[in-house]
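Peer 1: take a look and give me a structure for this.
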Amino acid sequence: MNDPKAPSDWFKVDGVDALVELTHNLHWSWNHAADQLWEALDKELWVTTQNPWVILRTVSHEKIKAALGEPEFRLRLDNLLRQNRESYHADAWFQRKHPGAALTTIAYFSMEFMLSEALPIYSGGLGNVAGDQMKAASDMGVPIVGVGLLYGQGYFRQDFDSEGRQQALYPVNDPGQLPIRPLRQPNGEWLRLQIQLPGSRIWLRCWEVFVGRAKLYLLDTNDFANTAAHRGITSELYGGDAEMRLKQEIVLGIGGWRLLRAIGLQPDVCHLNEGHAAFATLERARSYMEDHKKPFDLAMNITRAGNVFTTHTAVSAGFDRFDPRLIRTYLSHYAVDELAISVDDLLAMGRQNPEDASEPFNMAYLAVRGSGQINGVSKLHGKVSRQIFQPLFVHWPQEQVPIGSVTNGIHVPTWDSAEADALWTSACGEKRWRGDRPDEDDIRQIPNQKLWELRTAGRKGLIERMRKRYQCQLAAEGADPSNAAGIFDENMLTLGFARRFATYKRPNLLLHDSERLVRLLSNPRCPVQLVLAGKAHPQDLPGQELIKQWKDFINRPEVKGRVVFLNDYDMMLAQELVQGVDLWINTPRRPWEACGTSGMKVLVNGGLNLSELDGWWAEAYSPEVGWAIGDGQEHGEDTAWDAKEADTLYTLLEAEVIPEFYERDESRMPCKWLGRIRESMARLTPEFSATRAIREYTESHYLRAASDYRGRAADDGAIGLSLLRWKQDLDRYWSTVRFGPAGVTTRDGQHFFQVQVSPGTLNRDYLTVELYADSIHGEQPAIEAMDAVEPCADSPDAFIYSAQVSAARPASDYTVRIVPHHLNASVPLEAEQIVWRR
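Peer 2: You can find the predicted model right below:
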């Protein structure tokens, strides 16, 4: 497997092609069987970079040749390569569970992917979810291909000046140092695509990344045939102004779908991981237009059924919005010449009010109108999202806004320590994260001694690595590196807090009463140590100030050696932290944490959580598995409530967490603490894994989306055409639908409702009459279809509808309504009309 980026004389050495093949598949990032190979070539470089391709590019040819000449090295290499090839082609969970399923390809679009520190094209949570889901899909045989951007600099790296203020650095991502390949056409030519931007067409270079049995395709604009300005489009992740962001999202959505087409893929399902890639829904429709000679509105009605939109945003201000003038500048040609619609029609798809010419273009609105299914990323976030998107379904009850939820999960093999992996393997087997859920009781059988050994090893490993990191950090800051040797104690309760520093995450809630925190950390009988990390966006000055406050606190002599802020929070540091801390703390302002996954990563390693009842923890928490702050309600930015929650946080630590950790039995182990670990591991780790999330996406969303798309496209788009005509008639004639007189009687424990309905000039088959009552006690709303029993005698075009329901609820709870109806439509997602009888 010759690589064009490799020196040509490499391949004169027998076996080097096998090494190249291994380095270029990121499967090594979660299957550590190859670690000894990379350590044998250059242990220090492996520890520093976790990038075997860099090692292969750096060490001498003589050293590679010598290693390949060692029988043990060569045997391990050959066995690994054989095992990998066999596993990539063997039937996995999906093939066994859904044999013959009409689901061949899911195109997974995301602005960022966190797969490995060797490929730094991520910022944080969104990329974490994308990377972990791709890995889980590979393990399970779910046919996902990723589509993203290759950033010339990626997200910023963090440093600090002498006063403790954050500095943003942008090292270059050299493609020659990354485990990626140019995507080649059959004739060997590098695949390059063109898209139209104002005044010129620009070239997009295509790359491929192997992720186990899956592939990730990346685009960049750093082609020498482009102008300097265009080459910089894919320079920074989340950098630049709104115009730069729009250009990036055009490249991702339109360019990304064209890439898939260029390599012969025809995805059944398009999954948008956030709204950044929503232009892919337009390009998918355009491709269908081209293939089947259909107009845009019909093509969109057919293809949207195969699109799934996952929103990660907890506040409407977080959506990408673009000035209409930018849309006209960059997409007028695309709308008129390629979609054959007006730019006003395109703008309407991204607006709440299509008639408002001043309203910005909202990418999330475009994603909603271009998709057949929508979900948030936790149960609470699903509820929040129904509120956020309520303006698009203005007359519908919030509970019926068509947004569900699939709670995120983490790819456990990426985040577990070697010790945790061994413990879980002995309890649940090697294939526990490759499909079906492991048995909780297998974990509950693990004895205290094994759990305590796991935690002790994790804490010890973290502190050893942390001291090395901190030594380098102190030297870079001009301080005495020897001070790192005395920080932290391997037997002390270790708290962790690491995440993006933003005001809504309240990273300084622990600092609310700094003197109380000092007393907590320096208690001589039950001491505590705290490790922190996190970045603030370069433009987020309040977030940077929160970091500065922690930096100042750490300099206090009373807490010396008990609190550390580790610079440049990245994937490698995150892995070290979640494998070692005893307690993970998370303090967002509810409900602004859509899900959060950092706390999930400690579960498999025996770490516990103390968190706000927000995101995933709102559905995960019970007293047996951890601790919580908050009352399950929203309090906005109420500073008095922040103070109350800070007090609760301190009290929990002082009265419950710390005493429980230090309460030892006759065998000198914290029995109660270990019982909590056991239940947390058994109950929560499988539930909040990417294995469960991909299983849920596949069985509840992907299979259905593929079936719906194929159904609409069948018979030359017959169902799609029927839906289009139905929607056109609704737009024309819905205003003529009327209610007449209504009545209700109650007898024998039943309410009997009757109402007169005139469909006007709308086909009566295009509507349904329903009784509706709001939900009570957390249940679903009560909805009962009413039957047309007879024509109305005094109004020939009207009909009498009737229904009966239990009188357990008052008749006044029920309201009659008229909603659109089509056997193949998703209402109200595809038809938001509704009439209530008031």
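
Peer 1: make it CA atoms for all contacts and neighbour counts henceforth
Peer 2: OK.

Peer 1: how near is the residue nearest to Ala299 when sequence neighbours are not counted to His230?
Peer 2: Distances taken as Cα to Cα, 6 or more residues apart in numbering place Ala285 nearest to Ala299, at 5.1 Å, with adjacent residues excluded. From Ala285 across to His230, the span is 26 Å (Cα to Cα, to the nearest Å).

Peer 1: list the residues that contact the residue nearest the centre of the chain.
Peer 2: Centroid-nearest residue in the chain: Val129, 3.4 Å away (criterion: Cα atoms, centre = their mean). With contacts defined as Cα atoms under 8 Å, 6 or more residues apart in numbering, the neighbours of Val129 are 113-114, 408-410.

Peer 1: which parts of the stretch 401-550 of the chain are strands?
Peer 2: Taking DSSP state E, counting those that start in this stretch to define them, one finds strands in the stretch 401-550 of the chain at 404-405, 493-498, 528-533.

Peer 1: coming back round to it: for the residue nearest to the centre of the chain, give me the pLDDT.
Peer 2: With respect to pLDDT, Val129 scores 98.

Peer 1: can I assume it sits in a helix?
Peer 2: Yes: following the definition DSSP: H, G, I helix; E, B strand; the rest coil, Val129 is counted among the residues of a helix.

Peer 1: how much space between it and Arg434?
Peer 2: Remark: distance between Val129 and Arg434 (Cα to Cα) = 17 Å.

Peer 1: next one: Leu26
Peer 2: From Leu26 to Arg434 the distance is 17 Å (Cα to Cα).

Peer 1: do Leu653 as well
Peer 2: The gap separating Leu653 from Arg434 is 37 Å, by Cα to Cα.

Peer 1: if you count surrounding residues, which of those two has more?
Peer 2: The residue with more neighbours, out of Leu653 and Arg434, is Arg434; 21 against 17, by other Cα atoms under 10 Å.

Peer 1: ok, now which ones touch that one?
Peer 2: For Arg434, the contact set (Cα under 8 Å, 6+ apart) comprises 92-93, 136, 139-140, 691.

Peer 1: could these go into a markdown table alongside secondary structure, neighbour count and distance to Arg500?
Peer 2: Formatted as a markdown table, those follow (DSSP: H, G, I helix; E, B strand; the rest coil; neighbours: other Cα atoms under 10 Å; distance: Cα to Cα, whole Å):
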| residue | secondary structure | neighbour count | distance to Arg500 |
| --- | --- | --- | --- |
| Ala92 | coil | 18 | 36 |
| Trp93 | helix | 18 | 35 |
| Ala136 | helix | 31 | 25 |
| Asp139 | helix | 25 | 29 |
| Met140 | helix | 24 | 31 |
| Thr691 | helix | 29 | 25 |
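
Peer 1: return the most buried member of the strands of the stretch 401-550 of the chain.
Peer 2: Highest mean neighbour count of those: strand 493-498, a mean of 22 (counted as mean count of other Cα atoms under 10 Å).

Peer 1: what is that strand packed up against?
Peer 2: In terms of contacts (3 or more Cα pairs under 8 Å, 6 or more residues apart in numbering; DSSP states H and E), strand 493-498 is packed against strand 528-533, strand 583-586.

Peer 1: tell me the strands beside the first one, with direction?
Peer 2: Using DSSP bridges, strand 528-533 pairs in its sheet with strand 493-498 (parallel), strand 563-566 (parallel).

Peer 1: quick check, Ser802 in a helix?
Peer 2: No: assigned with three-state DSSP, Ser802 falls outside any helix and is strand.

Peer 1: who touches it in this structure?
Peer 2: The contact partners of Ser802, by Cα under 8 Å, 6+ apart, come to 752-755, 786-789.

Peer 1: show me where pLDDT drops low in this structure?
Peer 2: The chain contains residues with pLDDT under 70 at 1-12.

Peer 1: before we move on, the earlier item: out of the contacts of Arg434, who's nearest Ala67?
Peer 2: Ala67 has its nearest neighbour among these in Asp139, at 30.0 Å by Cα to Cα.

Peer 1: any idea how far the closest one is from Asp436?
Peer 2: From Asp139 to Asp436 the distance is 12 Å (Cα to Cα).

Peer 1: please apply the same query to Leu41.
Peer 2: For Leu41, the distance to Asp436 (Cα to Cα) stands at 37 Å.

Peer 1: which of those two has more residues huddled nearby?
Peer 2: Shown here are Leu41 and Asp436; by other Cα under 10 Å, Leu41 has more neighbours (20 against 15).

Peer 1: show me what whichever strand or helix holds that one is packed up against.
Peer 2: Using DSSP states H and E, Leu41 falls within helix 35-49. Judged by 3+ Cα pairs under 8 Å, 6+ apart, helix 35-49 is in contact with helix 52-58, helix 61-68, helix 71-89.

Peer 1: and those helices as JSON lines, adding distance to Val559 and mean neighbour count?
Peer 2: Formatted as JSON lines, these follow (distance: least, Cα to Cα, whole Å; neighbours: other Cα atoms under 10 Å):
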{"stretch": "helix 52-58", "distance to Val559": "39", "mean neighbour count": "21"}
{"stretch": "helix 61-68", "distance to Val559": "47", "mean neighbour count": "16"}
{"stretch": "helix 71-89", "distance to Val559": "48", "mean neighbour count": "14"}
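
Peer 1: ok, which of these comes nearest Ala536?
Peer 2: Ranking the helices and strands packed on helix 35-49 by proximity to Ala536 (Cα to Cα) places helix 52-58 first, at 28.9 Å.

Peer 1: how far is the closest one from where the chain is centred?
Peer 2: How far helix 52-58 lies from its chain's middle: 30 Å, per Cα atoms, centre = their mean, to the nearest Å.

Peer 1: what does it rub up against?
Peer 2: So helix 52-58 is contacted by 6, 20, 23-24, 38, 41-42, 45-46, 64, 177-179 (Cα under 8 Å, 6+ apart).

Peer 1: can you rerun that using 10 Å?
Peer 2: With Cα atoms under 10 Å, 6 or more residues apart in numbering as the test, helix 52-58 has contacts from 5-7, 16, 19-26, 28-29, 34-35, 37-39, 41-46, 49, 63-64, 118, 176-180.

Peer 1: got the CA coordinates for it in CSV?
Peer 2: What follows is helix 52-58, C-alpha atoms only, in CSV (Å, rounded to 0.1, in the frame of the first residue of the first chain):
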residue,chain,number,x,y,z
PRO,A,52,2.5,6.6,14.8
TRP,A,53,2.7,8.2,11.4
VAL,A,54,4.9,10.9,12.8
ILE,A,55,7.1,8.2,14.3
LEU,A,56,7.3,6.4,11.0
ARG,A,57,8.2,9.7,9.3
THR,A,58,10.8,10.7,11.9
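
Peer 1: so which residues of the stretch 401-550 of the chain form helices?
Peer 2: Assigned by DSSP state H, counting those that start in this stretch, the helices in the stretch 401-550 of the chain fall at 412-415, 418-428, 440-444, 448-476, 514-521, 541-554.
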